[in-house]
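>>> dropping the sequence and predicted coords here.
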Amino acid sequence: MARTSVHALVPIERAFAAVADPRTYPEWLVGAKRIRDVDDGWPEPGTRFHHRVGLVGPLTLPDSSTVIEVDAPNRLVLEVRARPLLRGRVTYELARTDGSDGRPATRISMDERPLGRLRFVAPLLEPLIRGRNRASLNALVAFLNRPADGR
């Protein structure tokens, strides 16, 4: 399992709102290029968002991701896909903490595991997944720390 965690100096509700809104993903999730559509009722279990993903330039794949489980503001589990090769389960877990100055803070953990045929090579993929997820969570913290006017 490639589990990665960061701390953000924002209330848990704000952190969960970003994690649970796929429209924010191109801002912070490595590989998320464009959100094409989000099902009505998102993020209820079974709902999907449709996206384009890719890591290099304009080479992207269209696919969708599905909510498996949601327990706002503490947990969101998605089945993510970039077919024909990639399918995985991503779990976001959030926990209330206090910042060093006593302000509300949130520990955000991201755990990703390959599904399907790739699960057999999961130990080989773990360092790559962990690095991608670390970069994504660091970008999420930067996104959450941006002023409301986006500057």
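Nice, thanks for sending it over.
>>> list the beta-bridge partners for Ala82.
Leu86 (DSSP bridges).
>>> that one: neighbour count?
20 (other Cβ atoms under 10 Å). All C-beta atoms are positioned from the backbone trio N, CA, C, and that covers glycine.
>>> relative to its centroid, which residue of the protein is most remote?
Distance to the chain centre peaks in the chain at Asp101, reaching 27.2 Å (criterion: Cα atoms, centre = their mean).
>>> tell me the secondary structure of Leu124, please.
Here Leu124 is recorded as helix under DSSP: H, G, I helix; E, B strand; the rest coil.
>>> and the residue farthest from the centre of the chain, which of the three is it?
Secondary structure assignment for Asp101 (three-state DSSP): coil.
>>> now it, what are its backbone angles?
Main-chain dihedrals, Asp101, degrees, to the nearest 10: phi -100, psi 10.
>>> also Gly99?
Backbone torsions for Gly99, taken as degrees, to the nearest 10, come to phi -70, psi 170.
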